[in-house]
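Peer 1: got a predicted structure plus its sequence, pasted below:
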Amino acid sequence: LTTSLLVPVFFVYSGLNTKIGLVNTPYLWMLTLVVLLAATVGKGVACYGAARLNGESHREAMAVGTLMNARGLMELIILNIGLQRGIIEPALFAIMVMMAIITTLVTTPVFERIYSRQKAVPPSVPAPA
């Protein structure tokens, strides 16, 4: 019931609260880009560094940093609470929701590019003598 009904209803509710039209100046679009870059680089580098400090290879640490960049339900819950309580204004809410959506959508293609399994090259069979 929760995942089939309540979660989709919550996402619709969040979408209805998001007024992307409020991000209508070059300054706000630049702020959106800065928020997106800060969120992606900050979390990605921190998770990459933590994975490397724990002995993971470069490739696996990059995969961890990429996967940790996906945001979703918890962030939207916090953003909605902030919007309802008047802590953040609707334009900032829209910027943060766009950041959450973009980072979540980009995670899978970036992860596949970084961590996709290399096709095994079959060993060459020597020609019969």
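Peer 2: Arrived safely.
Peer 1: give me the contacts around the strand or helix carrying residue 84.
Peer 2: Under the criterion DSSP states H and E, the helix or strand holding residue 84 is helix 73-85. Applying C-beta atoms under 8 Å, 6 or more residues apart in numbering, the set of residues contacting helix 73-85 from outside is 7, 10-11, 13-14, 17, 87-88, 90, 93, 96-97, 100. Quick note: C-beta positions are derived from backbone N, CA and C, even for glycine.
Peer 1: which of those residues scores worst on pLDDT?
Peer 2: Within the contacts of helix 73-85, residue 7 has the lowest pLDDT, namely 77.
Peer 1: any idea how far residue 110 is from the residue nearest to it when sequence neighbours are not counted?
Peer 2: Leaving aside its sequence neighbours, residue 7 sits nearest to residue 73 (C-beta to C-beta, 6 or more residues apart in numbering; 7.0 Å). Taking C-beta to C-beta, to the nearest Å as the measure, residue 73 falls 20 Å from residue 110.
Peer 1: so between these two, which is more surrounded?
Peer 2: The neighbour count for residue 73 versus residue 110, taken as other C-beta atoms under 10 Å, is higher for residue 110 (19 against 12).
Peer 1: tell me which element the more buried one is part of?
Peer 2: With DSSP H and E as criterion, residue 110 is part of helix 90-115.
Peer 1: and the next helix or strand past the longest helix seen in the chain?
Peer 2: Using DSSP state H, we find that the single longest helix of the chain is helix 26-53. Next helix or strand after helix 26-53 toward the C-terminus (DSSP H and E): helix 58-67.
Peer 1: report the buried residues of that following helix.
Peer 2: 60-67 (16 or more other C-beta atoms under 10 Å).
Peer 1: quick check, nearest of those residues to residue 1?
Peer 2: For the buried residues of helix 58-67, the closest approach to residue 1 (C-beta to C-beta) belongs to residue 67, at 28.0 Å.
Peer 1: how far away is the closest one from residue 77?
Peer 2: 20 Å.
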